[in-house]
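# what would the 3D arrangement of this be:
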Amino acid sequence: MPSIKSSLGNNEHISLDDVCFLITKTSNEDELGQRVPETEKERQIFCSKTSVSRAEFLAAGQLDHKPQLTIIVDSDEYDGEIHLRYGTKKYSIYRVFVRSDGFTELYCEVHAG
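Modelled structure (predicted):
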């Protein structure tokens, strides 16, 4: 359950009324020391989807990223995952910005592979 954040002094109210799934990948070795294929575990959290700004689109493009969307989540819910699923698409998180109001912005591009 997301924590309740105060919006006092915040000009922009954020409503976490959507859901996304943060993806954790784990890989193991069997008894012979061989890598076992990665397994993915999804964790559902509340979020808010926003568009990528023009400045972010240009800056990310210079680093060969193709930004698609920005997901805002409660900072307490995010634990360093690098992939997420929103709707039917899987995204890679290429940049994270921790805001001072208790939220974290996850900048995402379409996951290749």
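# ok, the nearest residue to residue 18 once chain neighbours are set aside - how many residues close by?
Nearest residue to residue 18, sequence neighbours excluded (C-beta to C-beta, 6 or more residues apart in numbering): residue 47, at 5.3 Å. Every residue, glycine included, has its C-beta placed from N, CA and C. The burial count assigned to residue 47 is 27, neighbours taken as other C-beta atoms under 10 Å.
# report the buried residues of the host helix or strand of residue 47.
Mapping residue 47 onto the secondary structure by DSSP states H and E places it in strand 35-50. Along strand 35-50, these residues count as buried under the neighbour rule (16 or more other C-beta atoms under 10 Å): 45-48.
# just checking, what packs against the helix or strand bottoming out on mean pLDDT in the chain?
Least confident element among the helices and strands of the chain, by mean pLDDT, DSSP states H and E: helix 54-62 (a mean of 86). Contact here means 3 or more C-beta pairs under 8 Å, 6 or more residues apart in numbering; DSSP states H and E; on that basis helix 54-62 packs against strand 67-74, strand 103-110.
# quick revisit: list the strands paired with the strand holding residue 47, with their directions.
The partner list of strand 35-50 in its sheet, established with DSSP bridges, is strand 18-29 (antiparallel), strand 67-74 (antiparallel).
# residue 108 against residue 68, yeah?
Yes. The pair residue 108 and residue 68 passes the contact test of C-beta atoms under 8 Å, sitting 5.7 Å apart.
# name the residue in the two with the higher neighbour count.
Neighbours of residue 108 and residue 68, each counted by other C-beta under 10 Å, are more numerous for residue 108; the result is 26 against 17.
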